[in-house]
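A.B. asks: coordinates only, sequence not included:
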């Protein structure tokens, strides 16, 4: 049904007004974006200049050797800069080839703090959800091998588990790279550790799961791989149980940033340190031991193939890297504690001299 002649001018006027309003809104939005961009560039230059001056002044204070209090003030200023809204304008870290390979040349840095914290929260949730599966799934496979499958692992369940491992390690590596771009303190080694684990999970998918009268010997490499996976599950559960709460405490005290996450070698208070570090060293030793057993199995001919040799080498590399990073962290902790004790003793000495002068 067509409009009457009397209604047509009114409709035409409404359409014209809507078009003009749309153009006006577009111009307003463009002006706002341009003005905001200029203000952001100015803030980014100010933040970069301030950060550079803080670093320069800290370097000069360290060379003087007797300025602990001033250095603490500079650390506090750097913390305010990195944890406040101004952190958005700090220079971002390089995205790296891994992110570009999977996501392309897109910017994964979040401008809003709540978005960054959401990324970290989701990373922690993934670790919590997968820690128990990491422990239970290989244990279940080994138990079913003994109870139901007559000592021989069928190919399908093992390969499904290895595919899940590949998916998990790829997802963790992607999340950790994104966290690092957004200001987290994840050490590069722990991301590289997940690269090695990704490679091992991918290689393990090509293993031939052979069955037969001597399948226990032929599947020796697969059994050792599953035992290593159980060890990894234990390590993840220890990290989540003993370290997460301590990290929250450190963040509340201003000793860690809100985007920081639990590392593989991070320890908590002294009691947790005494418990956790020996267990971590044992797990790292077991990881190297499994790698050596894989190499021995391949050389003995019980489980031939380049896959077994490569996985054994990767396990030894990961164990050595974990051990080195754990020792480096313990050395760093001891230096920080010695510095704190030195500062306290200096304050007590100054206080005593002030009391004598009075």
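C.D. replies: Now that the structure is in, tell me what you want to look at. Quick caveat: nothing in here was measured; it's all calculated off a predicted structure.
A.B. asks: distance check, residue 35 against residue 49.
C.D. replies: 22 Å (C-beta to C-beta, to the nearest Å). (Glycine included, C-beta is placed from N, CA and C.)
A.B. asks: buried ones in the one helix or strand residue 278 maps to?
C.D. replies: Secondary structure assignment for residue 278, by DSSP states H and E: helix 270-300. Buried residues in helix 270-300, counted by 16 or more other C-beta atoms under 10 Å: 272-273, 276-277, 280, 283-284, 286-291, 293-295, 297-298.
A.B. asks: now swap in stretch 145-156 and tell me
C.D. replies: Neighbour-count burial for stretch 145-156 flags 145, 152, 153 (criterion: 16+ other C-beta under 10 Å).
A.B. asks: helix/strand/coil for the last one?
C.D. replies: Pointing back at residue 153 there. Classification of residue 153 by DSSP: H, G, I helix; E, B strand; the rest coil places it in coil.
A.B. asks: can you find the helix or strand of this structure with the lowest average pLDDT?
C.D. replies: Taking mean pLDDT, DSSP states H and E as the measure, the chain has helix 244-252 as its least confident helix or strand, at a mean of 56.
A.B. asks: now do the helices in this protein.
C.D. replies: Taking DSSP state H to define them, one finds helices in the chain at 8-64, 68-83, 96-103, 113-147, 155-181, 188-204, 215-218, 220-242, 244-252, 270-300, 306-357.
A.B. asks: do you know which of those helices lies nearest residue 89?
C.D. replies: Closest to residue 89 of those is helix 8-64 (C-beta to C-beta; 4.3 Å).
A.B. asks: low pLDDT regions in the chain?
C.D. replies: In the predicted model of the chain, residues 1-9, 62-68, 81-88, 91-93, 208-214, 216-218, 241-275, 301-304, 336-358 satisfy pLDDT under 70.
A.B. asks: how much space between the residue nearest to residue 182 when sequence neighbours are not counted and residue 109?
C.D. replies: Take residue 182 and drop its neighbours on the chain: the residue closest to it by C-beta to C-beta, 6 or more residues apart in numbering is residue 116, 4.7 Å away. For residue 116, the distance to residue 109 equals 9 Å [C-beta to C-beta].
A.B. asks: more neighbours, those two?
C.D. replies: residue 116 (22 against 15; other C-beta atoms under 10 Å).
A.B. asks: wait, the more buried one sits on residue 110?
C.D. replies: Yes: using C-beta atoms under 8 Å, residue 116 is in contact with residue 110, at 4.7 Å.
A.B. asks: list residues touching both of these two?
C.D. replies: residue 182 (C-beta atoms under 8 Å, 6 or more residues apart in numbering).
A.B. asks: residues contacting stretch 155-170, please?
C.D. replies: 130, 134, 137-138, 141, 144, 194, 197-198, 201-202, 204-205, 209, 222, 226, 229.
A.B. asks: just the buried residues from those residues, in PyMOL please.
C.D. replies: Applying 16+ other C-beta under 10 Å to these, the buried members can be selected in PyMOL as follows:
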select buried, resi 130+134+137+138+141+194+197+198+201+202+204+209+222+226+229
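A.B. asks: list just the nearest of the buried residues of stretch 145-156 to residue 55.
C.D. replies: Among the buried residues of stretch 145-156, residue 153 lies closest to residue 55 (C-beta to C-beta), at 55.2 Å.
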